[in-house]
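Engineer: kindly return the folded structure for what I paste below:
(one chain, ligands or ions: 1)
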Amino acid sequence: MSDSVTNDKLAEKRQSVLASGFASGNSCYVASAKSATIVDVEGREYIDFSGGIGVMNVGHSHPRVVQAIREQAERFTHTCFMVLPYEPVVTLADKLCNAAPVPGPASVVFINSGAEAVENAVKIARYHTGRQAILAFNNCFHGRTLLTMSMTSKVKPYKFGFGPFASEIYHVPYAYCYRCPFGLKYPDCGTACADYLNEYFIGNVAPENVAALIVEPVQGEGGFITPPPEYFVKLKKICEENGILFVSDEIQSGMGRTGKMFAIEHWNVKPDMVTAAKSIAAGMPLSAVVAKKNIIDSVHAGGIGGTYGGNPVACAAGLAVMEVFEQENLLERARKLGEKLRVRFEDLQKEYEIIGDVRGKGPMLALELVRDRETKEPAGTEAKALTKYCSENGLILLSCGNFGNVIRTLMPLVITDEELEKGMAILEDGFRHIAGIHP
Ligand SMILES: Cc1ncc(COP(=O)(O)O)c(C=O)c1O
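Structural biologist: Below you'll find the predicted structure:
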């Protein structure tokens, strides 16, 4: 890296050459990254609690992944699987079919981004059922393409000014227990939010017109909202009663993020399809739909896929990721990390009134910040001040939620104790900072 490259110079140049809508949350420019530590172009170190939005579960520049990418790049980088097929796609598909909680024989289609995976899941569901409507949830996020933006719930920044939207998408309330849309309390509520789906069908869309229900088992951008144990069991039953496919969007919650390979496994529900992306290939653009074979094979040849889907370098990285999970017992590490984080977060909650809720599964954990624990007034400005403080002091941290008041953790699952402690120390300083007690 040339000495003349600085964060400020790059920031200035970017203003003239990059679209302002293509924005970044932090002002440092990355020079290198390893495990859960990032170094910027000026040599400053940052602990990474964001993992490039949940992409780096196996850690930055994992040696096995780097080696796999290098070796595959030296062999060949592209032929287009739909023209000339090659082995890594087949082997990775086999591994994903075995890992995914889809019951019975399953098959895979590979594409490039999370949004593309969701789009393909919708296409497959519509083709297979011959129905058009899609059920999505309040607070959900499924992407930025026209269809997935239409399915996404939050208006600003994702939908504002970008209409008209795709049709036949219906949003239903989600099991957001901390802010129950029905004003009820779990468990006395009897998960009325799940039962409500049957009522929703009366006034909004006929169930026999619904192709699929698509759900993030732990809502990512929506605020790491984590439903109670009965919720998905009830939803799945309603789907089965009405011939509706159950699609688990595991783009953020999958690939070990919650301590299970796919988050829906925590609820013991078997989806008809799952979507995977992000951590599937440690940063190489790759996504997948894993679906019951009879469902995905309804689609005619050439109806799904694309030029880059199943790119050989991305699939080699994906295979290395699967190997790292096995060889380093990463699911177990994730569970332990989750337990450790939860204790630390619950301790923080005792100390700081602003932390209204601690929730999530495994290390996919979040803190919802509120100005008052009674009124639950969202503390979005404070969350913004916290992430800014952390960034300026060496910790990359993400917020989420409709009010931007939820702090989430998506750090690499391989984070070392030392990295974790460094990051937690900055986060705690950050809480003192926003509470007005300067560190
Ligand atoms: C649950 C979920 N679905 C879909 C997407 C879209 O993925 P991509 O940005 O790769 O298109 C995301 C991205 O954050 C996501 O979290």
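
Engineer: count the residues that sit near the residue in the stretch 301-439 of the chain that the ligand sits nearest to.
Structural biologist: Nearest residue of the stretch 301-439 of the chain to the ligand, counting by Cβ to the nearest ligand atom: Cys400, 9.4 Å away. Yep, even glycine has a C-beta here, placed from its N, CA and C like the rest. Residues lying near Cys400 (other Cβ atoms under 10 Å) number 26.

Engineer: ok, Ile214 next?
Structural biologist: So Ile214, with other Cβ under 10 Å, has 26 neighbours.

Engineer: and the residue lying closest to it once chain neighbours are set aside, helix, strand or coil?
Structural biologist: Leaving aside its sequence neighbours, Ile214 sits nearest to Val247 (Cβ to Cβ, 6 or more residues apart in numbering; 4.3 Å). Look at Val247: counting by DSSP: H, G, I helix; E, B strand; the rest coil, its state is strand.

Engineer: pLDDT at Val247, what is it?
Structural biologist: Val247 carries a pLDDT value of 99.

Engineer: run a quick neighbour tally on it.
Structural biologist: So Val247, with other Cβ under 10 Å, has 28 neighbours.

Engineer: contacting residues for it?
Structural biologist: 121, 125, 212-215, 271-275 (Cβ atoms under 8 Å, 6 or more residues apart in numbering).

Engineer: 7 Å - rerun?
Structural biologist: Applying Cβ atoms under 7 Å, 6 or more residues apart in numbering, one finds that Val247 lies in contact with 121, 125, 212-214, 271-273, 275.

Engineer: residue nearest the centroid of this protein?
Structural biologist: In the chain, the residue lying closest to the centroid (Cα atoms, centre = their mean) is Gln252, at 1.5 Å.

Engineer: quick revisit: any idea what the residue of the stretch 301-439 of the chain closest to the ligand is bridged to?
Structural biologist: As for beta bridges, Cys400 partners with Val406 under DSSP bridges.

Engineer: ok, residues contacting the host helix or strand of Glu421?
Structural biologist: Secondary-structure assignment from DSSP states H and E places Glu421 in helix 417-434. The contact list for helix 417-434 (Cβ under 7 Å, 6+ apart) reads 35-37, 47, 49, 344, 348, 352, 354, 382, 385-386, 389-390, 393-395, 397, 438-439.

Engineer: and the pLDDT at the residue nearest to Phe49 when sequence neighbours are not counted?
Structural biologist: Nearest non-adjacent residue to Phe49, counting by Cβ to Cβ, 6+ apart: Met411, 4.5 Å away. What the model reports as pLDDT for Met411 is 98.

Engineer: wait, is Met411 part of a strand?
Structural biologist: No. With three-state DSSP as the criterion, Met411 is assigned coil and is not in a strand.

Engineer: list phi and psi for it.
Structural biologist: phi -70, psi 160 (degrees, to the nearest 10).

Engineer: contacts only, for it.
Structural biologist: If you count contacts by Cβ under 7 Å, 6+ apart, then Met411 has 36, 48-49, 51 around it.

Engineer: let's see 6 Å
Structural biologist: Each residue near Met411 by Cβ atoms under 6 Å, 6 or more residues apart in numbering is listed here: 36, 49, 51.

Engineer: make a markdown table from those residues and add neighbour count, secondary structure and distance to the ligand to it.
Structural biologist: Formatted as a markdown table, the contacts of Met411 follow (neighbours: other Cβ atoms under 10 Å; DSSP: H, G, I helix; E, B strand; the rest coil; distance: Cβ to the nearest ligand atom, whole Å):
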| residue | neighbour count | secondary structure | distance to the ligand |
| --- | --- | --- | --- |
| Ala36 | 26 | coil | 19 |
| Phe49 | 26 | coil | 16 |
| Gly51 | 26 | helix | 12 |
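
Engineer: what's the local residue count around the nearest residue to Leu395 once chain neighbours are set aside?
Structural biologist: What sits nearest to Leu395 in space, not counting adjacent residues and going by Cβ to Cβ, 6+ apart, is Ile426, at 3.9 Å. Other residues lying near Ile426 total 23 when counted by other Cβ under 10 Å.

Engineer: coming back round to it: any idea how far the ligand is from the residue nearest to the centre of the chain?
Structural biologist: 3 Å (Cβ to the nearest ligand atom, to the nearest Å).

Engineer: grab the nearest non-local neighbour of that residue.
Structural biologist: Per Cβ to Cβ, 6+ apart, closest to Gln252 is Gly220, 3.5 Å.

Engineer: Ile355 now?
Structural biologist: Closest to Ile355 by Cβ to Cβ, 6+ apart is Gln349, at 4.2 Å.

Engineer: any idea how far the residue in the stretch 101-250 of the chain that the ligand sits nearest to is from Gly190?
Structural biologist: The ligand sits closest to Gly114 of the stretch 101-250 of the chain, with a gap of 2.1 Å, by Cβ to the nearest ligand atom. Separation of Gly114 from Gly190 (Cβ to Cβ, to the nearest Å) stands at 34 Å.
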